[in-house]
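Participant: can't give you the sequence, but here's the structure:
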Ligand SMILES: Nc1ncnc2c1ncn2[C@@H]1O[C@H](COP(=O)(O)OP(=O)(O)OP(=O)(O)O)[C@@H](O)[C@H]1O
């Protein structure tokens, strides 16, 4: 059984006192007809070690865009992104991918598990890509699945799991490489309210137990109330929300 301690990231990944994520003056616009749709207009945000922050904002205001930029999956038009103190905005794709693999976990609304791989294999693959041997990767994968009460589902394919189980596997996969930062975009958006709360129980316990920092987009204020603080997007900028 994985304890909070054994799930902790390596000491080398922990940069004492340095924010896990800093976004400074992020701008992003998209082409719209003849004009430009300004989505982020100078968004600033700091996520401290161990913090869980809820991003609660109306549909279409740029939550996914902000998370994709924070997760180094998309580039902003301008602005700085620092992950554990490391400036990422000007890095090339290979360096961004390396940081994404070592420091960032991502959970999406839909699980995005590999359909032809079992639950445990879905956790083994990213660890092996990151350089871990198969047996170590499998051991950690099984410990994580047990921590999320999924060990009896380890050899099931995603299609053989319930929606809530799939999302819990996706959460376990996101932290398989012991990242410092977890980003989640409506991770229970396609689940019923009861299952959604159950998945959040697992997600928040895992984040708190490992000392990870998390930025989680949700439409659900009741769930956001369980996090340390809440932010929203107004006119393309990050502002506190309570
Ligand atoms: N690649 C793109 N090209 C053009 N427009 C885009 C692109 N990505 C996002 N947009 C637009 O930017 C706006 C913000 O989208 P985004 O997905 O970030 O919003 P959101 O707050 O996450 O919405 P939701 O809660 O509905 O998921 C939307 O109007 C969307 O259509």
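Facilitator: Everything's here; your move. Keep in mind it's a predicted model, so treat the numbers as computed, not measured. Residues are numbered from 1 along each chain as shown.

Participant: roughly how far apart are the closest residue to residue 211 other than its chain neighbours and residue 214?
Facilitator: With sequence-adjacent residues excluded and distances taken as CB to CB, 6 or more residues apart in numbering, residue 211 is closest to residue 50, at 5.2 Å. All C-beta atoms are positioned from the backbone trio N, CA, C, and that covers glycine. According to CB to CB, to the nearest Å, residue 50 and residue 214 sit 9 Å apart.

Participant: got it, and residue 206?
Facilitator: 9 Å.

Participant: over to residue 102?
Facilitator: Separation of residue 102 from residue 214 (CB to CB): 17 Å.

Participant: these two - which one has more neighbours?
Facilitator: residue 214 (27 against 19; other CB atoms under 10 Å).

Participant: show me what contacts that one?
Facilitator: 47, 51, 52, 53, 181, 182, 183, 184, 207, 227 (CB atoms under 8 Å, 6 or more residues apart in numbering).

Participant: which residue of the protein lies farthest from its centroid?
Facilitator: No residue in the chain sits farther from the centre than residue 34, which is 34.5 Å out by CA atoms, centre = their mean.

Participant: next, the residue sitting nearest the centre point of the chain: secondary structure please.
Facilitator: Ranked by distance to the mean C-alpha position of the chain (CA atoms, centre = their mean), the top residue is residue 183 at 2.2 Å. On the three-state scheme (DSSP: H, G, I helix; E, B strand; the rest coil), residue 183 is labelled strand.

Participant: tell me the pLDDT at it?
Facilitator: Per-residue pLDDT puts residue 183 at 97.

Participant: contacting residues around it?
Facilitator: Taking CB under 8 Å, 6+ apart as the test, what residue 183 contacts is 67, 70, 71, 104, 105, 106, 107, 214, 215, 216.

Participant: among these, name the buried ones.
Facilitator: 67, 70, 71, 104, 105, 106, 107, 214, 215, 216 (16 or more other CB atoms under 10 Å).

Participant: which one among those gets closest to the ligand?
Facilitator: Nearest to the ligand among these is residue 67, at 7.7 Å by CB to the nearest ligand atom.
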